[in-house]
Structures are given as C-alpha cells and as structure tokens.
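K.L.:
the following block contains a protein sequence and its predicted model.
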Amino acid sequence: MELTKNLQQLQAEIQAQLPEDAKEKMNKAVVDLANSDIVDNSLKVGEKVPNFSLPNAVGKIVELNSLLVESPVVISFYRGGWCPYCNMELRGLQKYLPQITELGAKLIAISPETPDNSLSTTEKNELTFEVLSDRGNQVAKEFGLVFQLPEELRPIYQSFGIDLPAYNGDESFELPIPATYVVASDGTIIHAFVNPDYTQRLDPEEIINVLNN
C-alpha cells in the first residue's frame, strides 16, 4: 500500500509545520464533516451512477456513458491541484494506470477546478488519464460529495496561497470530499471509497484488487 504510506508521511510532515491554531481549526473541521451526514448521503455500492458530460483539461467533452460502453470506469473525485494530498493521489493513480488499463478499465479524475487549472494539474503530475472539470461541483453534488469550506478555514487557506475562488471560478467555497468509485459497465457501483478526511485516499492497490474480482 505505497500510496497510503506516502500519505501518512506527508500528513506528518505537514502537521509538524502547521501553526497550532491552524492545526486545531483544520482538525476540528475534519471531525465536524465526519459527524455530518455527508457520507450517509453519498452514492453507495449497488447504486447506479448518473451519466454526465464534462470538459477535460483541453476542453474536450467526455461523457461517462460513452466510456462505460467499452469498460468499467474508475472515478476519482479530488479537491484540486492546490492540495498536496490530491497531487500525491493523482501520481499514485498514474503509476497504476497501466495495470488498470490492462484489466480493461478506464480511469478519470474530477475536481471543481476550471479547465485551465485542470490542465496545470495534468501537466504538473504528468497525467495521461482524463482529468475533468466539474465547474460548480454539479456532478459531485449528484454523487452526494459536496460541502462548503468553513469560514474560519478560508483565511488559513489564503495564508497558504490557496485562492479557491480563483481555482474554481466561483465564490462558493464548495469542495468535494475525496471519493473513488469503481463502476461496472452497466453503471452500477461495485466499490465506493468516500472519506471526509482529506488526508485519506483509496490506495490504487485496492482498485486493482476490485478490478481483479
């Protein structure tokens, strides 16, 4: 579980650098989100995913149903290219892309970032799978994944140089919680990872295990 270990190391490094006040507020926000009903309201194994069409990093429209006609699809919802945990996850997925493809599946990643920022994320992480722009989190909302960043965290994010309205092209401060779905070719979810803790992600090795079964 290489990605899981790397994420744990990254979390320890970031936590060690955070001011105590910021750390407390960020940790509280994670707990509050975990105690909300967001996970309960998200799509579950056995449910059908809604079809959607979203632009990729260069503006080409990608439709889910068109991908499902050919193969199962792995869908990863991430917060944005400004998030170090997301970048680590995306690079981990890229590393396992040949195995995912060999097992007959497609991989797409979705964030609320504008296409230009999705392109930056794609280039920075040298991604060769589709990175889609879900402006306004419209698709993420259909999956039940969207929350609003608490007001007390917004100045903290700004102090880190994270300007969410600039990245996402709106003033909503809405983000998806990290989630990964493995969807069968008939549109049924066969595996779902939904976690309000943004430091946790589905390890690609688990994706491979699901696709192998």
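P.N.:
Done, it's in. Residues are numbered from 1 along each chain as shown.
K.L.:
where exactly do the strands run in the protein?
P.N.:
53-55, 61-63, 73-77, 106-111, 130-133, 146-148, 174-176, 179-183, 189-194 (DSSP state E).
K.L.:
for those, give me CSV that also has mean pLDDT, distance to Ile162 and mean neighbour count.
P.N.:
Any C-beta I mention is one placed from the backbone N, CA and C, and that applies to glycine too. Below are these laid out as CSV (pLDDT from 0 to 100; distance: least, CB to CB, whole Å; neighbours: other CB atoms under 10 Å):
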stretch, mean pLDDT, distance to Ile162, mean neighbour count
strand 53-55, 98, 23, 16
strand 61-63, 97, 27, 13
strand 73-77, 98, 18, 25
strand 106-111, 98, 13, 24
strand 130-133, 97, 18, 24
strand 146-148, 97, 15, 16
strand 174-176, 98, 11, 22
strand 179-183, 98, 20, 24
strand 189-194, 98, 23, 19
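K.L.:
ok, which of those comes nearest Asn35?
P.N.:
Relative to Asn35, the nearest member of the strands of the chain by CB to CB is strand 146-148, separated by 12.1 Å.
K.L.:
which stretches of the protein aren't confidently modelled?
P.N.:
By pLDDT under 70, the chain has no low-scoring segment.
K.L.:
residue closest to the middle of it?
P.N.:
Among the residues of the chain, the one closest to the centroid is Tyr78, at 1.8 Å (CA atoms, centre = their mean).
K.L.:
residue contacts, it?
P.N.:
Cys86, Glu89, Leu90, Ala109, Ile110, Ser111, Pro176, Pro178 (CB atoms under 8 Å, 6 or more residues apart in numbering).
K.L.:
who does the fourth one bridge with?
P.N.:
It stands for Ala109. Beta-bridge pairing of Ala109 under DSSP bridges involves Ser76, Val131.
K.L.:
burial measure for Ile207, as a count.
P.N.:
24 (other CB atoms under 10 Å).
K.L.:
residues contacting the closest residue to it other than its chain neighbours?
P.N.:
With CB to CB, 6 or more residues apart in numbering as the criterion, Ile207 has its nearest non-adjacent residue at 5.8 Å, and that residue is Val74. Applying CB under 8 Å, 6+ apart to Val74 gives the contacts Leu93, Ile100, Ala105, Lys106, Leu107, Ile108, Thr180, Tyr181, Val182, Val183, Ile207, Leu211.
K.L.:
got the contact list for the residue nearest to the third one when sequence neighbours are not counted?
P.N.:
This points to Ala105. Closest residue to Ala105 in three dimensions, ignoring its sequence neighbours and counting by CB to CB, 6+ apart: Pro72, at 4.4 Å. Going by CB under 8 Å, 6+ apart, Pro72 touches Gly104, Ala105, Lys106, Val182, Val183, Ala184, Ser185, Ile190, Leu211.
K.L.:
repeat that with 7 Å
P.N.:
Gly104, Ala105, Val182, Val183, Ala184, Ser185, Leu211 (CB atoms under 7 Å, 6 or more residues apart in numbering).
K.L.:
please apply the same query to Lys124.
P.N.:
For Lys124, the contacting residues are Gly81, by CB under 7 Å, 6+ apart.
K.L.:
any chance you could list what contacts the helix ranked longest in the chain?
P.N.:
Counting residues, the longest helix found in the chain (DSSP state H) is helix 84-102. Residues from elsewhere that reach helix 84-102 (CB under 7 Å, 6+ apart): 3, 6-7, 10, 74, 76, 78-81, 107, 109, 125-129, 198-199, 201, 204, 207-208, 211.
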